[in-house]
Structures are given as structure tokens and as C-alpha cells.
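[1] Below: sequence and its predicted model.
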Amino acid sequence: MVRAPCCEKLGLKKGPWTPEEDQTLIDYIHRHGHGNWRQLPKQAGLLRCGKSCRLRWVNYLKPDIKRGNFTKEEEDIIIMLHQTLGNKWSVIAARLPGRTDNEIKNIWHTHLKKKIKQNQASSGTKQCCAKLESQHFESQPMSSPQHSSNTDTSVVTGENRDFPQADENLWSEALPMENFSLSSEDFTATGIESADPRLQFPFSPLSNAYESMDFWYNLIMETGEFPEIPDF
DNA sequence: AACCTCACCAACCGCCTACAG
DNA sequence: ACTGTAGGCGGTTGGTGAGGT
């Protein structure tokens, strides 16, 4: 099969987007939706290829994009998911509303990979969880956070959550990757599986990131292990 | 002050998949 | 069933700024 060229190279602009281009794209999408991406730049009067427009919109201009630093919880989720899913950035991004696959990919390559390397030589998960429990969990029992929408920005910022406050280095110390996996027997032995329907299929496309964050947090607290994440 | 190195991240590229015709 | 197109994904690149020498 002969591939169609992604875009007509001649006459189309490349490189960083200007604020004017951004505004043009935003205005057009607000009025008409994006429709056909390849037609969009022509119709909107942009000298960009459709792919570039889509990328700019998806990764930067979409109103629900969350900017700013990743929270500890977000980083932990990325690390745990990556351990099982590998470089499935879009799947990982789907668990973190407001975060894009590109952003997650970047944070992985620039921060998390290093963090894991650094922590491979440090103490194991059980030690960490014991530390967490002894220092925080018993004195600050966690209540079930109320949530209803994955568009709530507190989902990813951690605002208004009842997580016990961990030490600055606690979670980063908790991440020697070889200690993450929980055998299926161990998982079953926790008894959690039958207690909550969410837990039987924690990463189904139907469960949102907020639920998943709660799920993982609770599971780690209950088992003292980072569990193996099942495929779906 | 000038230069160098490194980290960060937006954007591009090429490939794959889904789907319409 | 086959072909072509569009959308989406992951890998990679290159511009920029911060920090160090």
C-alpha cells in the first residue's frame, strides 16, 4: 500500500506555534469542532498540516489539559502502570485525566526513569510500606474520598484528598521495580478481589483514574505490596 | 562575560490500525 | 477482500533556558 503523504510539505509552517495560531485553532474548533483534521487547517486558515493541528490541540490547547507538575500520586501511578504495560503512553494517560501521552512520555524519560534507577539500590517495598504505616497510616486512617467525575481537577492534583501525608522521599523510596509484582496467589489471598467489584477489574476502561488511584492506594496499604496490574 | 553542558518539553516523523468505499 | 485515507501512537529530535566552569 502506498502511504499518502502526511501533509503537503511545501508552504506549510513547522516548528513552535505562535499565540496567534493557537487562537485561530481554538476559535475554529470552538465554532466548528475539529471534524476532519486534514481539512481543518485549510478551513481555519492555518499554514499547518492537520497532524500538527491535532497534536497542538490534543497536547496543549484542549481546555481540560492540566498543566504543571505531576503529583506524587500521579508519578506512582505512571511507574506502576509502566511496569506492567510498558511504553503504552496513551493507556497510561487514559488513567490520568488532564495529562497527555506526550507529557507522560516526557516525564518518564526526564524524571521517572532516573528515579527508578536511583531507587533500585534502596530499600524494598515492604520496608517502605511498613514505614508508611507506622509513621502515617495508623495515626491518620484514610477515609473514602467522595468523587463523581473524572473532570474534577482535584483528581489529579490530590487536593482535598484524605491520603495521609507522606514524607517527601517516601514514595520515591518505595519504587524498586523488582519488588512491585504480586503473584496471582498473593493477590487472591488478599481477599480484596471479592470485596469490591472495581478491584476485580481495576483497569477496565470503565473505571476512572480517581477510582484507580484510590484502588491502588488502598491495595498497597492492605497488602503491603505493589500489585501486578492485570491486562485488560 | 562567554562558553559549555545538561535538562526539559514541544513538536515532528514514521509506522500501525481502523474503517469507509 | 482489497485499497486508500485519516487518526492515533510511540520514538526521536531540536530549540531553549538554567546552571556550571
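    Arrived safely, thanks for sending.
[2] pLDDT of stretch A:49-62, averaged?
    For stretch A:49-62, mean pLDDT rounds to 90.
[3] again but with stretch A:102-117, I slipped
    On average, stretch A:102-117 scores 86.
[4] measure that stretch end to end?
    Start-to-end span of stretch A:102-117 (Cα to Cα, to the nearest Å) is 22 Å.
[5] So which bits of that stretch are buried?
    A:Glu103, A:Ile104, A:Lys105, A:Ile107, A:Trp108, A:Leu112, A:Ile116 (16 or more other Cβ atoms under 10 Å). To be clear about C-beta, it is placed using only N, CA and C from the backbone, and glycine gets the same treatment.
[6] does that stretch come close to DNA strand C?
    Yes. Counting by Cβ under 7 Å from any atom of the strand, DNA strand C has neighbours in stretch A:102-117: A:Asn102, A:Lys105, A:Asn106, A:His109.
[7] Mind checking which of those residues are in helices?
    Using DSSP state H, the subset of these located in helices is A:Asn102, A:Lys105, A:Asn106.
[8] related to what we said a few turns ago, ok, and of the buried residues of stretch A:102-117, which contact DNA strand B?
    A:Glu103, A:Lys105, A:Ile107.
[9] just those residues now: which is nearest A:Pro63?
    The closest of these to A:Pro63 turns out to be A:Glu103 (Cβ to Cβ; 15.6 Å).
[10] SS state for the nearest residue to the closest one once chain neighbours are set aside?
    Nearest non-adjacent residue to A:Glu103, counting by Cβ to Cβ, 6 or more residues apart in numbering: A:Asn59, 7.2 Å away. Here A:Asn59 is recorded as helix under DSSP: H, G, I helix; E, B strand; the rest coil.
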